[in-house]
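Q: What would the 3D arrangement of this be:
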Amino acid sequence: METKIPHTRHKLEEGHEPKRYYEVKLPHASAPFVRVKTLPNVFVPTETSLLLIEACSKLMTKPGKTLDLGCGCGITGLVLSRLGFCSGPVYASDISAEAVRLTLENAKTQGIECIARVG
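A: Presented below is the predicted three-dimensional model:
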């Protein structure tokens, strides 16, 4: 299963306290495939995140257990789960408690089961 994930966008929303989002779109899609909230003190996905997702989608031949180590906002594990590469929950870990909370929030918003720990 080969999947290209070429398009991302950062968006600031208006309001008293701006929220930041990171969106991943699939080719020819009008709506985001996955949209996650980001925070200033949590690692924001980069092109490297997309390269990792693309590499995993090329190398993984069947669904399996997935650990998003250094999860930040959880984008890698959540996209891989949405693409069908995770059997069971996404496992996630980060040294930042704020990142772990954000990953769990993003997973809940996406309807993806996630078990995340600080460490």
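Q: Beyond the lowest-mean-pLDDT helix or strand in the chain, next helix or strand please.
A: Using mean pLDDT, DSSP states H and E, strand 7-12 stands out as the lowest-scoring helix or strand of the chain, at a mean of 41. Next in sequence after strand 7-12, counting helices and strands by DSSP states H and E, comes strand 20-25.
Q: Only C-alpha atoms, please: export that following strand in CSV.
A: The C-alpha trace of strand 20-25 is given here as CSV (Å, rounded to 0.1, in the frame of the first residue of the first chain):
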residue,chain,number,x,y,z
ARG,A,20,-3.1,26.4,16.0
TYR,A,21,-3.9,23.4,13.8
TYR,A,22,-1.9,21.2,11.6
GLU,A,23,-3.7,19.6,8.7
VAL,A,24,-2.7,16.7,6.5
LYS,A,25,-4.4,16.3,3.2
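Q: Low-confidence stretches in this structure?
A: 1-19, 26-31 (pLDDT under 70).
Q: So which residue is dead centre in it?
A: Nearest to the mean C-alpha position of the chain, counting by C-alpha atoms, centre = their mean, stands residue 75 at 1.2 Å.
Q: which residues touch that one?
A: Counting by C-beta atoms under 8 Å, 6 or more residues apart in numbering, residue 75 touches 22, 24, 34, 36, 45, 49, 53, 106. To be clear about C-beta, it is placed using only N, CA and C from the backbone, and glycine gets the same treatment.
Q: at 10 Å what do you get?
A: Residue 75 makes contacts with 8, 22-24, 34-36, 38, 43-46, 49-50, 52-53, 68, 103, 106, as judged by C-beta atoms under 10 Å, 6 or more residues apart in numbering.
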